[in-house]
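Undergrad: 3D model of this:
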Amino acid sequence: MQFRHPEILYFLFLLIVPILVHLFQFRRFKKEYFTNVRFLKALTVQTRKSSKIKKWLLLSTRLLLLSCIIFAFAQPNFKAKDNENTTNELYIILDNSFSMQAKGKKGELLKRAVQELLEDTPENTTFSLLTNSENYWNTDIKSIRNTLQNIKYSAIPFQLDYALAKINSHKSAFKKDIVIITDAVGIETKKLKKSDQNELIHFITPKAEQKNNVAIDSVFIHETLDNFYEITVDLSAYGSGIKPIPIAIYNQNKLIAKTIVDFETKKKSINFTIPKQAFHGYVSITDNRLPYDNTLYFSISEIKKANIISIGEAEKSNFLSRIYTSDEFNFNNSTISSLDYNAIEKQDAIVLNELDEIPQALQSTLKSFVQKGGNLIVIPSAKNSIANMNTFLMNFGAIQFKNFENVEKLITKINFNHPLFTSVFENKINNFQYPRTNGSFRLSSSSPAALSNDDQSTFLSSVSNSISTVYVFSAPINTSNSNFQQSPLIVPVFYKMAISNHNNGINNLTIGNSNPFLVDVLLSKDAVLTVKNATEQFIPIQQILNNKVKLVFNDYPEQAGNFEIFNQDEKLENISFNYGRTESDLAAANEKTLSDYKSTDSIASFFDTLQTNRMDNQIWKWFVIFALLFLSIETAITRFVK
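TA: Okay, the predicted model is just below:
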């Protein structure tokens with residue numbers, strides 16, 4: 001037992017006062033003489049005995065009464081079970097990612113968690129609240145009530161390690177209690193092990209009753225026909241027993257096509273044919289599980305001709321003119337002597353077609369061209385100076401030429417995962433007609449090869465930055481050195497190299513992804529582009545690159561949807577934004593990872609446990625009750641005991 005005010009116990013010496021009062025009676029008895037006291041003798045003896053008992057009872061109750069009062073003021077208590085953590089600071093991490101849209105026994109997981117916080121958090125408790133996107137430091141439930149009531153789902157996935165790092169950076173002299181409210185979707189063990197040893201982590205893990213879900217993963221142009229686009233929509237089914245669901249495509253809220261999807265497998269691709277024109281709409285499914293992944297917005301820009309120039313001898317560029325046709329490209333060929341350097345910055349892609357030497361002025365111009373978003377395709381000449389080529393390639397990354405080998409090689413391996421071949425092949429091809437080269441350079445690159453030879457050496461590699469790519473062949477592809485021009489690969493390879501950063505495909509960005517987007521517009525230095533729709537408007541990070549503007553969106557917009565890019569009042573481009581699909585698999589809830597940590601059923605249970613373990617057992621109230629009891633007993637003895 002401990003006393004908050006032990007000095008009060010010195011007043012126990014006052015107990016001697018009632019003892020002295022009862023031991024020394026100053027009252028004198030007056031004798032009265034009667035003629036006959038024979039009948040009063042027995043009564044006198046009885047009265048003296050009862051009076052003596054009454055005095056001892058009063059003495060006892062008064063001693064106990066005074067003792068209880070003194071003990072009550074000294075405030076005795078028993079030490080708390082978890083006394084060393086009574087000064088801990090409280091941090092609450094609330095997962096408001098889209099997986100918390102799932103329904104539990106009492107409704108949506110996030111809404112139920114918010115309701116429990118509002119109802120069960122003590123009003124005098126100070127805490128810090130961290131969500132996926134916002135931080136509220138040193139607040140209380142009254143101050144944050146409106147914020148919690150209006151909390152929205154975040155496009156940012158739940159990153160526990162990031163939240164713990166923010167708490168660790170919030171320096172304090174006290175230990176920390178961390179309450180993590182999450183459904184555990186995507187939590188990894190290594191992210192928890194990074195937490196500070198001084199932190200006491202408690203998990204509250206609401207569970208979804210139904211873990212089946214269907215998500216729209218992506219949409220892309222599978223094939224471009226004369227008057228139509230063939231659109232492919234990829235879907236994923238999570239769980240078991242998924243029933244057929246309807247899927248539809250809308251352009252400007254107008255229904256274009258609709259069908260039913262049966263899920264014989266977990267992955268499903270559905271093809272739609274839509275008119276070959278500008279598109280600004282979405283594809284949607286009817287699924288009663290997670291709502292956020294039931295719609296995928298996408299836009300298709302009006303077809304713009306890409307500007308391509310080939311620098312080299314005209315006869316070696318004839319094959320390019322058959323690929324870069326006038327309906328989709330503005331293609332020109334120029335020799336090194338007649339090259340207009342001012343025209344370079346207006347191009348979307350440039351082909352260096354077997355130049356024997358690359359002048360220093362051209363090297364500097366092409367370096368700036370690539371930095372500002374242009375694609376560069378390098379086809380070496382057998383007469384190239386290796387030193388000259390390597391000096392040039394050092395401007396773009398870790399890719400270098402080695403010695404030239406006069407050895408016939410077969411091009412036998414396609415890297416189907418390379419961005420160059422995305423959506424090119426329906427199936428992986430293993431038995432195509434292998435092109436050959438009679439002589440080639442050894443090519444050293446830190447990037448994976450797009451095409452490889454039969455001896456595992458690189459035939460085609462690339463170096464990319466955020467807005468452009470440099471493609472490098474290891475061998476001349478003129479008809480005297482290679483039959484690559486007659487290969488079926490020639491068309492998709494050169495076509496994709498020319499348009500990889502040109503906005504002729506689907507404009508479909510993920511919120512939170514920092515990949516840049518290029519807009520073809522010539523802006524003045526003071527002008528800015530604005531992105532907006534009917535409900536949201538923002539100005540992205542932007543950089544002027546010659547006749548283009550590079551936009552970076554980061555965590556904007558806040559809501560998925562179709563948007564338009566404006567230069568003041570002039571509409572330039574349609575663009576669409578979607579949420580990442582990282583929260584769609586509810587079966588990914590990794591509850592086993594949390595088994596080594598304290599788990600609590602609810603916020604109410606957490607605070608009850610905290611109060612039980614960390615509050616001293618205040619027993620002074622019992623002494624007040626006993627004091628009142630003894631006062632009542634004393635009053636009763638005085639009135640009823642004779």
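
Undergrad: wait, doesn't Leu225 sit right on Lys276?
TA: Yes - here Leu225 reaches Lys276: they are 7.0 Å apart, a contact under CB atoms under 8 Å. (C-beta placed from N, C-alpha, C; glycine too.)

Undergrad: who has more neighbours, the two?
TA: When neighbours are counted by other CB atoms under 10 Å, Lys276 comes out ahead of the other of Leu225 and Lys276, with 16 against 9.

Undergrad: That one and Ile231 touch, don't they?
TA: No - Lys276 is beyond contact range of Ile231, at 11.0 Å (criterion: CB under 8 Å).

Undergrad: Give me the phi and psi angles of the nearest residue to Gly312 once chain neighbours are set aside.
TA: Spatial nearest neighbour of Gly312, excluding adjacent residues (CB to CB, 6 or more residues apart in numbering): Asn353 at 3.1 Å. Main-chain torsions, Asn353, degrees, to the nearest 10: phi -100, psi 90.

Undergrad: cool, and the one 4 residues further on?
TA: With angles defined as degrees, to the nearest 10, Glu357 sits at phi -150, psi 140.

Undergrad: list the contacts for it?
TA: By CB atoms under 8 Å, 6 or more residues apart in numbering, Glu357 lies in contact with Asn384, Ser385, Asn388.

Undergrad: Closest to Arg436 out of these?
TA: Asn384 (20.3 Å; CB to CB).

Undergrad: In space, what's closest to that closest one - neighbours in sequence excluded?
TA: Using CB to CB, 6+ apart and skipping the chain neighbours, the partner closest in space to Asn384 is Asp356 (6.4 Å).

Undergrad: what does Thr510 give?
TA: Nearest residue to Thr510 in three dimensions, chain neighbours excluded: Gly580, at 5.1 Å (CB to CB, 6+ apart).

Undergrad: Please identify which helix or strand holds that neighbour.
TA: In the assignment (DSSP states H and E), Gly580 maps to no helix and no strand.

Undergrad: Following element in sequence after the host helix or strand of Leu551, please.
TA: Applying DSSP H and E as the criterion places Leu551 in strand 548-552. As assigned by DSSP H and E, the chain's next helix or strand after strand 548-552 is strand 561-567.

Undergrad: Name the strands paired with that following strand and say parallel or antiparallel.
TA: strand 529-532 (antiparallel), strand 570-578 (antiparallel) (DSSP bridges).

Undergrad: Just send these back as JSON lines, with mean pLDDT, distance to Leu629 and mean neighbour count too.
TA: Conversion of the strands paired with strand 561-567 to JSON lines gives the following (pLDDT from 0 to 100; distance: least, CB to CB, whole Å; neighbours: other CB atoms under 10 Å):
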{"stretch": "strand 529-532", "mean pLDDT": "94", "distance to Leu629": "75", "mean neighbour count": "18"}
{"stretch": "strand 570-578", "mean pLDDT": "92", "distance to Leu629": "71", "mean neighbour count": "19"}
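
Undergrad: To what extent is Phe71 buried, counted in neighbours?
TA: Phe71 has 22 nearby residues by other CB under 10 Å.

Undergrad: Setting aside sequence neighbours, what's the nearest residue to Arg112?
TA: Counting by CB to CB, 6+ apart, the residue nearest Arg112 is Lys106, at 4.9 Å.

Undergrad: brain fart, Ala74
TA: Nearest to Ala74 is Ile8, by CB to CB, 6+ apart, at 4.0 Å.

Undergrad: So for this protein, the centremost residue is which one?
TA: Centroid check for the chain by CA atoms, centre = their mean gives Pro157 as the closest residue, at 2.1 Å.

Undergrad: Quick one: residues contacting that residue.
TA: Listed by CB under 8 Å, 6+ apart, the contact partners of Pro157 are Ser97, Asn132, Gly186, Gly512, Gly580, Thr582, Glu583.

Undergrad: next helix or strand past the helix or strand of the chain with the lowest mean pLDDT?
TA: Least confident element among the helices and strands of the chain, by mean pLDDT, DSSP states H and E: strand 617-618 (a mean of 60). Heading C-terminal from strand 617-618, the first helix or strand you meet, by DSSP H and E, is helix 620-640.

Undergrad: Mind listing residues that contact that following helix?
TA: Here helix 620-640 makes contact (CB under 8 Å, 6+ apart) with 54, 57-58, 61-62, 64-65, 68-69, 71-77.

Undergrad: tell me which residues of that helix are tucked away?
TA: By 16 or more other CB atoms under 10 Å, the buried positions in helix 620-640 come out as Trp620, Phe623, Phe626, Ala627, Phe630, Leu631, Ile633, Glu634, Ile637.

Undergrad: Good, wrapping up.
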